[in-house]
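1. return atomic coordinates for the entry below.
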Amino acid sequence: MNTLAIIIAIIMFVVGFAGTVLPVLPGVVLVYGGMIVYGLMTGIENLGPKFYIIQGLATIVILGVDFLAASIGTKKYKGSKKAALGALIGTFVGLFTLGPFGLLIGPFAGAMIAELLQGKDMDQAFSSGFGTVVGNIGGTIFKLLGEIAMIVYFFTRI
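-> Numbers count the residues shown, from 1 in each chain. Here you go, the predicted model:
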């Protein structure tokens, strides 16, 4: 049972990791889910409640970064609050209309459109859009590093 639990957890980790890079799957949720499945199959007390609380908090932080990354990048490149909101809206619109490519194009376009609607020049609009891309890439790197830390912590505890 323990070997099967580890195999299932590893499969969920790999799929979750892939979902972080190709965002059609909830990456960090699958990573955490793999740990929960392992716990359910081997006895939750094996790792203890403290382990699951720490991993749950890490999951929440990583999810938060996922939603805020484009907005933070926009602000770093002197984009307005409306550009940050446009980037957030563009993320959702892009994801649902263009799939994985929409996660780069959507926030970029959303920030640019918001800036242009406010009367900003094309250079500033482009800069704000570029900031969203930088934010998304930075957010993805943060998420991957966070997931690696979660997985390493898991394997040090089992």
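
2. determine the longest helix present in the protein.
-> Longest helix in the chain, counting residues (DSSP state H): helix 122-157.

3. contacts only, for Val65.
-> By CB atoms under 8 Å, 6 or more residues apart in numbering, the contact set of Val65 is 139, 142-143, 146. Glycine gets a C-beta too; all of them are placed from N, C-alpha and C.

4. among the residues you listed, the buried ones, what's the ChimeraX command?
-> Selection of buried members from these for ChimeraX, criterion 16 or more other CB atoms under 10 Å:
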select :139,143,146
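
5. ok, now how distant is Gly16 from Gly39?
-> 16 Å (CB to CB, to the nearest Å).

6. pull out the buried residues from the helix or strand where Ala5 lies.
-> Element membership of Ala5, judged by DSSP states H and E, is helix 2-21. Residues of helix 2-21 classed as buried by neighbour count (16+ other CB under 10 Å): 5-6, 9, 12-13, 16-17, 19-20.

7. just how off-centre is the helix or strand containing Met41 within its chain?
-> Assessed by DSSP H and E, Met41 sits inside helix 27-42. Distance, stretch centre to chain centre, for helix 27-42: 17 Å (CA atoms, centre = their mean, to the nearest Å).

8. got the CA coordinates for it in CSV?
-> Provided in CSV are the C-alpha atoms of helix 27-42 (Å, rounded to 0.1, in the frame of the first residue of the first chain):
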residue,chain,number,x,y,z
GLY,A,27,-0.5,22.7,-10.5
VAL,A,28,0.0,23.4,-6.8
VAL,A,29,-3.4,22.0,-5.9
LEU,A,30,-2.4,18.7,-7.6
VAL,A,31,0.9,18.7,-5.7
TYR,A,32,-0.9,19.2,-2.4
GLY,A,33,-3.5,16.7,-3.5
GLY,A,34,-0.8,14.1,-4.0
MET,A,35,0.3,14.6,-0.4
ILE,A,36,-3.3,14.2,0.8
VAL,A,37,-3.9,11.1,-1.2
TYR,A,38,-0.6,9.6,0.2
GLY,A,39,-1.8,10.5,3.7
LEU,A,40,-5.2,9.0,3.2
MET,A,41,-3.7,5.8,1.9
THR,A,42,-1.1,5.5,4.6
